[in-house]
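*Asks:* need a structure here:
(3 chains)
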Amino acid sequence: MENPFGEATCRQLAGLLLTRYDREGRDLPWRRTRDPYRIWLAEIMLQQTGVKTVLPYYAGFLERFPTIQALAEGELEEVLSLWQGLGYYRRARHLHATARHVVRELGGRFPDTCEAMGRLPGIGPSTAGAILAIAFGQHQAILDGNVKRVLARVLALAMPPDTTVGKRTLWEQARRLTPRERPGDYAQAIMDLGATVCTLRQPLCPSCPWQGYCAAQREGCPEAYPVRLAQAPKPRKYQFQALVTRPDGRVLLLPKRDATLLGGLWHPPGDEPGLSAVPPEAEAVRRHLAEGLGIQVATPCPLDAVAHTFTHFHLTVFPFLCPWRAGEPPEASGGRWIDWRQDRRTPLATLHRKVLARLSESPATPALEA
DNA sequence: AAACCGGGGTT
DNA sequence: AACCCAGGTTT
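*Replies:* Model (predicted):
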């Protein structure tokens, strides 16, 4: 694409956006600081997650880890505990790894170039640009989801933003539009515009400082952008999970040591997700526990299935209530008996909380309340 | 229930 | 360059 806006027009557009931001931009906690640590934390939490969800996590996280030194000294398990429910737990592992690297190898200071910043775990080109622009005042562009949508509309971009050509075009125009003055405020301003005015559905074009410059608005249907590729349907998978309970209410949980899938979180024993839509026989569940963990249980009792959607597939879990009779998990399994409602030190993913909640709904212990 | 967002890592 | 990723919010 040729450059649709000349240099003078780019300066004008940036000015219009900054004026709106100064007058109407949201007051968010991470906009009240230039501490790179706080800006970095906000950018990581805001990846794949909305502002409203992030706010309480951001406050709680900073209360426990007010500085990058505190975070570097903390244990991963506690970091994951504070991240519980926020999803995409790899972000939390990367956050912790980067904190340790910055503190131990870089004297506690973030690198000040895009290349070096982008080598840190969990930080890519857009997040690196955001930190450098907002915390260090450098002339760097960002390209997150909000910015992609705004620019795709202003340019009436014909191709999907995630294609190679689409990305190259958007990065190029994002750089051209970023002003030399106040690049950090500009970054916040364009994200704010995307989140509050140039929204996915029903954009508020009459309130937009760029109306009159926007090719999508001129075409009459801004919602037609960004152009999307057809999405592949998500497969549905099935698994069982065994809730081995002791008389005192504790449940057997195992740590997920796998580096990529919910790594560091805890889960009940079960089989791998598969394609069979039929729950296993109780006898198969009992055998799985006996052979895999050396644990004997009374006849497993099926509970209501739990449905959960992940990024790339739907999952149905068949929970089984399994009263413990004998046996302890082998040392190598890392298994522990946990009072999961009380224990704040054991990070659990949302799925496993939903599965464990079935224990309070089981036919064996009917609800007492009306 | 369905649509859809989103950036970094890996190969 | 293509593919992958163990969620959540909005409509």
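
*Asks:* Might you enumerate the residues of chain A proximal to DNA strand C?
*Replies:* With Cβ under 7 Å from any atom of the strand as the criterion, chain A comes near DNA strand C at residues A:48-50, A:52-53, A:85-90, A:163-164, A:199-202, A:239, A:256, A:260-262, A:267, A:272-273, A:309-312, A:315, A:349-351. (Each C-beta comes from the backbone N, C-alpha and C, glycine too.)

*Asks:* buried subset of those?
*Replies:* Taking 16 or more other Cβ atoms under 10 Å as the criterion, what is buried in the residues of chain A next to DNA strand C is A:Leu86, A:Gly87, A:Tyr89, A:Arg90, A:Gln239, A:Lys256, A:Leu262, A:His267, A:Leu315, A:Ala349, A:Leu351.

*Asks:* hang on, the earlier thing: of the residues of chain A next to DNA strand C, which belong to strands?
*Replies:* Among the residues of chain A next to DNA strand C, the members falling in strands (DSSP state E) are A:Gln239, A:His267, A:Thr309, A:Leu315.

*Asks:* where's the third one relative to A:Thr245, distance?
*Replies:* Which is A:Thr309. A:Thr309 is 27 Å from A:Thr245, where distance means Cβ to Cβ, to the nearest Å.

*Asks:* hang on, the earlier thing: report the two of the buried ones among the residues of chain A next to DNA strand C separated the most.
*Replies:* Farthest-apart pair in those is A:Leu86 and A:Gln239; separation 23.3 Å (Cβ to Cβ).

*Asks:* from memory A:Leu356 sits against A:Trp340, does it?
*Replies:* Yes - using Cβ atoms under 8 Å as the test, A:Leu356 is close enough to A:Trp340 to be in contact (5.4 Å).

*Asks:* Overlap of the contact sets of these two?
*Replies:* Contact criterion Cβ atoms under 8 Å, 6 or more residues apart in numbering; residues shared by A:Leu356 and A:Trp340: A:Val251, A:Leu348.

*Asks:* show me the contacts for the residue nearest to A:Arg31 when sequence neighbours are not counted.
*Replies:* Computed as Cβ to Cβ, 6 or more residues apart in numbering, the closest residue to A:Arg31 that is not its neighbour in sequence is A:Gln188, at 6.1 Å. Residues in contact with A:Gln188 (Cβ under 8 Å, 6+ apart) are A:Tyr21, A:Gly25, A:Arg31, A:Ile134.

*Asks:* Am I right that A:Gln188 is in a strand?
*Replies:* No - A:Gln188: not assigned to a strand; according to DSSP: H, G, I helix; E, B strand; the rest coil it is helix.
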